[in-house]
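Visitor: Return a 3D structure for these sequence lines:
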Amino acid sequence: MIEINHFSYVKNSILEKVIRFLVFMINNDLLFKLPEYIELFLDIWAQKTTDAGYIGDTTAKREDCIQSFWAVVKPMHDYLKSNNALPIFGQLLQNKGDWAETIIGMAQRHRARGISMDRFLGNLAALIHSLEELIVNMDGTAEEKLASINILRKWSDGMNILVLSDWTVMTEFEAINRLAEANRELTLQRNQSENILEATNQFYTQMSANHEISINWNICLKLSERSSICVNRLCQIVEKID
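Guide: Here you go, the predicted structure:
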């Protein structure tokens, strides 16, 4: 049984390689022709981002949109020019040669501007859909168009996962930093509170026969200027005295 399963696995693996090679051999010139239609791409993408409600997330500058176009298209072009078969999906996820660094950098800049992950990935999806629409309307056979779209989808899926992975790591890093900052703030507040409690014995000067307590308000004022925490604490002290 083990030998049969092993043979089946080897056979399927070989079949997968043959299929990938045949798909690659189908003319992929359509992908290389995409830059010829970049003006049409900009119009299509602008409409799709507007329809999806993402247009406010972008700078809407022509140069930035063109850079986004090349961030997706160039890694495919570079690979197809130097290889005679498509990579398996796992190879793309390894980000060898830092092929996805441009789009990851864009994601990081959007994140720094307050754009959420789902909106960035939604905008990226609108870009991919725009490229697919271009391919569908190009001159070519149905097989050529399907092959080109499959190649585009393979790279875009890899981009999505690599962007998501980087975004998650950055989120965890920020959470750790926020926790450390909160701990520092709590320590500061604790120290200030301890200083207040230590100084309260200076507030009381004497108690009269009528149980009236006089307070050195000059000291209170100096402490209140140092921190709003002091003010709150002082109010609590006065309320207890009353």
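Visitor: contacting residues around the helix or strand Asp51 falls within?
Guide: Using DSSP states H and E, Asp51 maps to helix 38-52. Applying C-beta atoms under 8 Å, 6 or more residues apart in numbering, the contact partners of helix 38-52 are 34, 55, 57-58, 60, 62, 65-66, 69, 122-123, 126-127, 129-131, 133-134. Where you see a C-beta, it was placed from the backbone N, CA and C, and this is true even at glycine.
Visitor: now with 7 Å?
Guide: Contact with helix 38-52 is made by 55, 58, 65-66, 69, 122-123, 126-127, 129-131, 133-134, as judged by C-beta atoms under 7 Å, 6 or more residues apart in numbering.
Visitor: Break this protein down into its structural domains.
Guide: 2-179, 203-241 (automatic domain parsing).
Visitor: Which of these comes out lowest on mean pLDDT?
Guide: Confidence, taken as mean pLDDT, is least for domain 203-241 of these (a mean of 52).
Visitor: tell me the SS of Asp139?
Guide: coil (DSSP: H, G, I helix; E, B strand; the rest coil).
Visitor: Now do the phi/psi pair for it.
Guide: Note on Asp139: its backbone torsions stand at phi -80, psi 130 [degrees, to the nearest 10].
Visitor: Could you report the neighbour count for it?
Guide: Using other C-beta atoms under 10 Å, Asp139 is surrounded by 8 other residues.
Visitor: Using PDB, write down the CA coordinates of stretch 55-75.
Guide: Taking Å, rounded to 0.1, in the frame of the first residue of the first chain, the C-alpha atoms of stretch 55-75 are listed here in PDB:
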ATOM      1  CA  ILE A  55     -10.500  56.000  -3.700                       C
ATOM      2  CA  GLY A  56     -10.000  58.000  -0.400                       C
ATOM      3  CA  ASP A  57      -7.300  55.600   0.700                       C
ATOM      4  CA  THR A  58      -5.000  56.600  -2.100                       C
ATOM      5  CA  THR A  59      -3.100  59.800  -2.900                       C
ATOM      6  CA  ALA A  60      -4.700  59.600  -6.400                       C
ATOM      7  CA  LYS A  61      -1.500  60.800  -7.900                       C
ATOM      8  CA  ARG A  62      -0.700  59.500 -11.300                       C
ATOM      9  CA  GLU A  63       2.900  58.600 -10.500                       C
ATOM     10  CA  ASP A  64       1.800  56.600  -7.400                       C
ATOM     11  CA  CYS A  65      -0.700  54.600  -9.400                       C
ATOM     12  CA  ILE A  66       1.900  53.900 -12.100                       C
ATOM     13  CA  GLN A  67       4.300  52.700  -9.400                       C
ATOM     14  CA  SER A  68       1.600  50.400  -8.000                       C
ATOM     15  CA  PHE A  69       1.100  49.000 -11.600                       C
ATOM     16  CA  TRP A  70       4.800  48.100 -11.900                       C
ATOM     17  CA  ALA A  71       5.000  46.700  -8.300                       C
ATOM     18  CA  VAL A  72       2.600  44.000  -9.500                       C
ATOM     19  CA  VAL A  73       3.700  43.600 -13.100                       C
ATOM     20  CA  LYS A  74       7.500  43.800 -12.900                       C
ATOM     21  CA  PRO A  75       8.100  40.700 -10.700                       C
END
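Visitor: who touches it?
Guide: 34, 38, 41-42, 45, 49, 99-100, 102-103, 106, 115, 119, 123, 127, 131, 155-156.
Visitor: That concludes my questions; thank you for your assistance.
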